[in-house]
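In: sequence unknown, structure follows:
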Ligand code: PEP
């Protein structure tokens, strides 16, 4: 698979200077064991600069968890412009995480603006999409995924998806300990790739699709072995270096076997 695996950690609103330093130290001790995959961590904004400096030249990318949807910097108290994330060494930014959508009222249009601004600012957006439990039970999963994707494609154009990342995160699986089955994950990922392919098959094939939702060391290998799953977006399990590295190791084993 030419896309390669990406394992991303979303630290959410957790950590302190001391605990982040310990977490990064733990990651630095193990990251050399995973040369065939890409690894990304998304600390709280306040700590991005320190985490980036601590990582130094080690192969761990740093990303923001959120950004402003404003195109230009200015009088937007409390907001972060894409250029600021870039300035402190971020390569990626999460866009439209379900907690942003549900707790902070980000709708499809706002998420689409953020995707556009991230791209304009030289960042790789990790676009998070996914259905709620009620939507899945009402057989609305594909309708919701298509609506969330189409909003971004309409605003940014399919060309903006070149090398972008889409994370499929069923809302009912985030932080709940409940994981999508391998069949559910693969079906949703294949559907997402199909929506992208309807716009541009080549680009669709280049987009890395991550699964997110209660990924742990003991379920990562089976999820990552799905044809259209190119890695994971990891919340809770990214806060402990051994657990996160074990998830990375699952991707590493698969990546190495594909290379062989
Ligand atoms: C997330 O927040 O993106 C996530 C997947 O969280 P968790 O792994 O804790 O379910």
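Out: Okay, I see it. All values reported here derive from a predicted model rather than from experimental measurement.
In: kindly report the residues of this structure close to the ligand.
Out: With C-beta under 6 Å from any ligand atom as the criterion, the chain meets the ligand at residues 10, 169, 174-175, 212-215, 233-237. Yep, even glycine has a C-beta here, placed from its N, CA and C like the rest.
In: these, buried ones only, as a PyMOL selection?
Out: Typed into PyMOL, the line below selects the buried ones among the residues of the chain next to the ligand, using 16 or more other C-beta atoms under 10 Å:
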select buried, resi 10+169+174+212+213+214+215+233+234+235+236+237
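In: tell me the pLDDT of residue 169.
Out: You'll see residue 169 listed with a pLDDT of 97.
In: use 16 as the first number from now on
Out: Understood, numbering begins at 16; the last thing we discussed is residue 184.
In: how about this protein: which residue is closest to the ligand?
Out: Ranked by C-beta to the nearest ligand atom, the top residue of the chain for proximity to the ligand is residue 250, at 2.1 Å.
In: which pLDDT does the model give the closest residue to that residue other than its chain neighbours?
Out: Nearest residue to residue 250, sequence neighbours excluded (C-beta to C-beta, 6 or more residues apart in numbering): residue 25, at 5.1 Å. Note on residue 25: pLDDT of 98.
In: ok so, going back, residue contacts, the residue of the chain closest to the ligand?
Out: 24-25, 27, 189-190, 227 (C-beta atoms under 8 Å, 6 or more residues apart in numbering).
In: now residue 241
Out: 197, 200-201, 204, 226.
In: assign it to helix, strand or coil.
Out: coil (DSSP: H, G, I helix; E, B strand; the rest coil).
In: what residues are up against the residue sitting furthest away from the middle of the chain?
Out: When distances to the mean C-alpha position of the chain are computed (C-alpha atoms, centre = their mean), the maximum falls on residue 90, with 28.6 Å. With C-beta under 8 Å, 6+ apart as the criterion, no residue contacts residue 90.
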